[in-house]
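Undergrad: below are the sequence and a predicted model; questions follow.
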Amino acid sequence: MENYKYAVFFEAENLSDAELRQMQKYFKIRRRSGGGECEINKVGDTTYKISFMEREAQERVLERKDHVIKIEGQEEIHVLLRCENVVESSKQSKESPNQKCASAKSEEKVFKLDHYLLRFLSECKKPHSDLEKHVSLSSSTFKINIDSEELVVVKDPGTEDVYSLKKWEFVVDEAIETLKSRYIIHFEVESDKSAILEENSFLQSDNLKIYFEELTCLAVVVGERKEVEKILTFLSGLQNKQQVQKECCVSEKQFNLIKEEFEPYVKSNLPALKITQERAGILLKGPEKEVHAGENELLKLAKGIKEKRIPSHHPLMTFLESSGGIQHFQNRFQQSLRSPVMLETSGSDLLLLSLSDGALEEAAAAVQRDLCLETVRLENAQKSSAFTKLKEDLSKAVKQANHKSVKVELKYQDESTPDPKVQLVGYATEVSKLKNMVLEYKQNHQIHHVSLPLPCPEMVEHFSEILAIGGMKKSSVEIKPTSSPSPCVHLTGPRCEVESLKDSLESCLQRLATKRCEVKGPGVQQIFQSEGARILQSVKNSYMVRILPIDDKQKRGKVPKYMSSLSLPFTSASSQDSLVSDKEIDINVVVGSLEQQQADVFVAPMIQTNMTSTLIGSSLLNKAGQQLQNNFNNAKGKHKLKPGEVLEVDATPVLGCSKVFFVECAPKGNKHKSEKALRSGLRRIFELCKQNSWGSVALPVIGPGIVLSIPVKDSVNILTHEICEFLSGPTGCLDTICIAIMANYAHSEEMFQTVCGNLSAKMVDNTGKALFQSLTSDLDEIIIPVDGIELHLVFGDITNETTDAIVNTTDFKDFQTAGVCKDILTKAGPQIQAQLTGAQVASGQIFTTPPGGFPCKTIMHVCGERNPDVTKTLAKEIVVQCEHGFYRSVAIPAICAGQGGLDPNVVAKSILEGVKEGVQGANLQRLKNIRIILLKINVFLAFKAAAKQIFGSNTQLTAPAPLVLTSVTTRGRNATSIKHSGSTRSSRSHSVPLPVSLDLSSLVTSLPDTESTAAFLVIGHTNNDVSDACRDLQQAYKDQCSTHTFFADEIERLTQEEMDQLLSKVNSLHLQIEQSSSDGWVVKGQRNGVNEVVRLIQDALRRQVREKDQTFLFSQVTWCILGPRGIWQKVPKDANYKLEKRDVKDGIEDAQGVKWTVDLPKMEATSCDSGQVTALKRLENSSDLISALLFRSRPAGDAFLKASWLCSIQASRWHVYPKPSALHPCRGQYHT
């Protein structure tokens, strides 16, 4: 730029780069424009400057001033030059500069023409002739002066009369212009095109001439217009075929740094090279040599560019790009630094480019100093009007800062969360201003936490009252008092409000007067919580104070608990737990293995402290895995248990329990020792369940088997005895006892019936009280309604049935092998067996005989032939014959399931499907009850499963089995058992023990000290108000207390249970008992509590008298109620007393807890729940009554049955044995 000092100016609008390049070529060619080496730059909106290296070139172009430049494919451009520094020395003449006046001798006109055009006109014959022709038409001659670049046209002297001077000049000008329009000149300055013209010089002709300048590589084409245009088109096409292009990886910013040095090099050395800026880099286009040379030079210059990378953040980069910050810094560095610096974004980094290391460092420091990114957290900012105001102020500040250009940007982050953020990015000055606004907001309005210690812990719970008495105003601050780890109040809210409230609270607490007030005496705490609460409120209102209870556990008297702290000399271990609320016990006899059950505790036997010494222990281990063995070993340690001891072992998650109690048993060989160890172990198990508050326990019948070899009956007797012994006392939290019996043992049926029989016999004790609430089992009777009749599945012995018809399964040959046939025929008698001997019965037919001694109307003998189809046919035929025979009920055994050897599942399916086919659609009118009697457990379970498939589980109803004494024949042996009821209900209670003698002095010393202290913190405005309030509190307690004196003889008649209740009342009501004299006692405390104790003593004495009367009456007269299965059951003592005294207006309650209304004249009772009507019976226990048959006849049509009872007196207890004539109400009566 420094070499181009001589400038001229011209005006033009919106010249393109291509037009500027054409104009630059024009002014570089001296022969065309008079100029020389130059550059063209735009210096104003419409002003351009042409800078020449030589002053002479400047002067030459100014001589012409008006230049006409021809652009290919466009209109001509007229350029009027001016130069403010060059002044014309003299004005030009009015004649054209291209003209000279004719001499005096002749008239001539001089035309300034291009040097090459003059050469063309002189050298080429045809153009020369054309010139002569045009000049001769004006009667003129011409002379070509190539050196002076002039064409002189001379007027012939003899033509003055033909043409005037003016007309002659006009004709000559027109001729020359025509000639100039026909023959044109093209200056080719591009070296590659010049080289092409030189290589193709043969293209010259009479109408076209090509001239070459050796030093400048300039080629000039002169000729007719058409010929010139034709060769130029040819030249352009040939050049395009020879050009290449190359893209260089130089960014725009890099190219701008080296542009000033690269472009002059190209202009002077690579004139045919074209440079284009693309997105990916710089595109070089032109001849191959020039393109390669230009690429090498460009990359060489690019290597000299220095880089500095400034690690930054993505928000900053985004701000620089969106706000024009990059251009701002580049312009600033252009003016302030010695070398330009360019900026580029590269990911989250800023890249600085420059040719100078010093400029690069200065620019980097300036960028890092002036750009700033700040993120301010508004921890727990309160979304209130203050936060909204902050946002509005920030928005205004951003608009003001960005008034002229973007200086800062603001963004809210995590605005929906409790901890939003404010991100500020931009120039440091503006960012700092906005940050100060945010920090000021945080200082005043951000959520702030502070703690204020409280002088007393009692203030925590009642802090709202302290605020009220202190007159504190409401605010947005959250106030949260707490006592842990020390009494204080947490204040949360805007910082300015929190600090203000803290100062106010400190001042308030210092102004208030406080005093500790203690009121001592029995039950003082409870008094101020009940009746005294009203008094507290009255005192508060009277003296405008706040009374806060003080929970001083170290100084306040502890309220004793009788069970844990009181030890009386007459109380036993069991009575100490009498205040524990015993739960009602459910006993469930299940069929299955122990490991299949669900309970808190499992019980398993073992010998020699070996878990797997019995099959039960091995089964538990198989299911629970090795972890159970590990737990067993850890619990056992090196200790070896003695017979009767119990080892507690933690269960594994696989088992359905929390603990497994392993009871150590004595090995077989010594029956007495084995039974003693078993009794001791079971007793210990139940005691552990009570102590550890277990709710349920599951255990097997321990004893039968090869390991212990205790007979079934003895094992069951031991188990049921220990259960009943346990249930006769307090049971703690235990409410479920599950007895598991395997179905596939040889003695499973005997074991099941003995367990149920023993428990049923002991369900109601001799006082009429129930030991447990219910006794259920998996073998409860199932009732299935089928088309108007009832199908019963019964686990039991068919010989105990009293239906109209009995079905006997036989092969009509063998009557001696133990089984159903032998049992029925034994009861029916030999005459029935005689009728069967030799009988010929067709397949699927029924042989009928009289009942003989069997309590029924007929016996149907069938043979299933071990064929399921025959069995099915027989079942259907039984239904048909019963209907035809007018039989209302029938009992059917499992045909062919015993000696027949058929699979019980097959038998069940055949019989049930046969019954179903016989019943469905038959519209039976007489047969109403079909009972399938199943003696084996596995057979019963098979029928139960088949019934669900055939009839659907939703049609099955579990019926309570009757509590009836039956003689059960277990195929080869006899056992007496009692069926149980599956829906028995009762409220467990125990007999009241008789009064015992008491040591009154020990009673006094053993009573707990109920003296306690009620401490209060009294807060008021003045000390006088606080002191007066404390005095009124003392008086208020005295007004609520009273005393009562009673004597030793009133207590000595109390039973142990009544004494426990008395002590419980003293304990719960927080009373105090003191001995006033040798036989006098004083109870004092809250007035209502003292009155309750007095009433309790009086009520206990009255209940004792009545209980004696009830007990005496129960031993003389016993009232019975007829059960749902026709079984007479004794009523409890209180109901017995009411019935005898005819005090039944409120009804009675039986041993199972069922309530009844009574009609004594009719001797009937009606259930309050179901409305069922049943009969009542009164029995007298006279000493001369040894055996009597009691019979009550019922009116015709009565639903009740006649029943006969055998009564005997043994040890003042009733034992009732029902005769076979005792029938179920829905079964047919037995006729003799």
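TA: Looks like it arrived, so ask away. Residues are numbered from 1 along each chain as shown.
Undergrad: dihedrals phi and psi, Ser471?
TA: Ser isn't right for residue 471; it's Gly. phi 70, psi 30 (degrees, to the nearest 10).
Undergrad: and the pLDDT at it?
TA: Taken from the predicted model, the pLDDT recorded for Gly471 is 76.
Undergrad: quick one: the helices in the stretch 1101-1232 of the chain?
TA: In the stretch 1101-1232 of the chain, the helices defined using DSSP state H, counting those that start in this stretch lie at 1133-1140.
Undergrad: can you pull out the low-pLDDT segments for it?
TA: Residues of the stretch 1101-1232 of the chain meeting the criterion pLDDT under 70: 1124-1127, 1182-1232.
Undergrad: in the stretch 1-150 of the chain, what residue spans correspond to strands?
TA: 6-11, 38-42, 47-52, 66-69, 77-80, 108-112, 140-145, 150-155 (DSSP state E, counting those that start in this stretch).
Undergrad: could you export those strands as TSV, including mean neighbour count, mean pLDDT and distance to Val1144?
TA: C-beta: built from backbone N, CA, C; applies to glycine. Listed next are the strands of the stretch 1-150 of the chain as TSV, based on neighbours: other CB atoms under 10 Å; pLDDT from 0 to 100; distance: least, CB to CB, whole Å:
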stretch	mean neighbour count	mean pLDDT	distance to Val1144
strand 6-11	18	84	134
strand 38-42	17	87	127
strand 47-52	19	87	131
strand 66-69	14	78	139
strand 77-80	15	74	136
strand 108-112	20	86	156
strand 140-145	17	86	164
strand 150-155	21	86	161
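Undergrad: got those as CSV, with distance to Phe940 columns?
TA: What follows is those, written out as CSV (distance: least, CB to CB, whole Å):
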stretch, distance to Phe940
strand 6-11, 123
strand 38-42, 115
strand 47-52, 119
strand 66-69, 124
strand 77-80, 121
strand 108-112, 141
strand 140-145, 146
strand 150-155, 144
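Undergrad: among those, which is nearest Asn541?
TA: Relative to Asn541, the nearest member of those by CB to CB is strand 38-42, separated by 96.4 Å.
Undergrad: looking at the strands of the stretch 1-150 of the chain, which is closest to Thr492?
TA: Shortest distance between Thr492 and the strands of the stretch 1-150 of the chain, using CB to CB, is found for strand 38-42: 68.0 Å.
Undergrad: now for the closest one, which elements pack on it?
TA: helix 17-28, strand 47-52 (3 or more CB pairs under 8 Å, 6 or more residues apart in numbering; DSSP states H and E).
Undergrad: any idea what the residue nearest to Phe10 when sequence neighbours are not counted is bridged to?
TA: Distances taken as CB to CB, 6 or more residues apart in numbering put Val79 closest to Phe10, at 4.9 Å, once the chain neighbours are dropped. The residues paired with Val79 through beta bridges, assigned by DSSP bridges, are His67.
Undergrad: distance of Val79 relative to Glu54?
TA: The spacing between Val79 and Glu54, counted by CB to CB, to the nearest Å, is 19 Å.
Undergrad: same check on Asp130?
TA: As for Asp130, its distance to Glu54 is 37 Å (criterion: CB to CB).
Undergrad: same deal with Pro700?
TA: Relative to Glu54, Pro700 is positioned 128 Å away (CB to CB).
Undergrad: quick one: which of the two has more around it?
TA: Neighbours around Pro700 and Glu54, counted as other CB atoms under 10 Å, are more numerous at Pro700. The numbers are 25 against 16.
Undergrad: now the more buried one: phi and psi?
TA: phi -90, psi 180.
Undergrad: so it sits right up against Glu595, yeah?
TA: No - counting by CB atoms under 8 Å, Glu595 is not a contact partner of Pro700; they are 10.5 Å apart.
Undergrad: let me know the helix or strand that the closest residue to Glu374 other than its chain neighbours is in.
TA: Using CB to CB, 6+ apart and skipping the chain neighbours, the partner closest in space to Glu374 is Leu424 (4.5 Å). Under the criterion of DSSP states H and E, Leu424 resides in strand 421-427.
Undergrad: for that strand, which outside residues touch it?
TA: With CB atoms under 8 Å, 6 or more residues apart in numbering as the contact definition, strand 421-427 has outside contacts at 315-316, 318-319, 323, 370-378, 394, 401, 406-414, 431, 434-435, 438.
Undergrad: one more time with 6 Å, if that's ok
TA: Where contact means CB atoms under 6 Å, 6 or more residues apart in numbering, the residues beyond strand 421-427 that reach it are 315-316, 319, 370, 373-377, 407-411, 413-414, 431, 434-435, 438.
Undergrad: centre of the chain versus the helix or strand following that strand, how much separation?
TA: Beyond strand 421-427 in the direction of the C-terminus, DSSP H and E gives the next helix or strand as helix 428-445. Taking CA atoms, centre = their mean, to the nearest Å, one finds the center of helix 428-445 at 41 Å from the center of the full chain.
Undergrad: remind me what helix 428-445 packs against, helices and strands.
TA: Counting contacts by 3 or more CB pairs under 6 Å, 6 or more residues apart in numbering; DSSP states H and E, helix 428-445 packs against strand 371-377, helix 385-401, strand 421-427.
Undergrad: give me the contacts around it.
TA: Taking CB under 6 Å, 6+ apart as the criterion, the residues outside helix 428-445 that touch it are 370, 372, 374, 376, 386, 390, 397, 401, 407-408, 422, 424, 494, 496.
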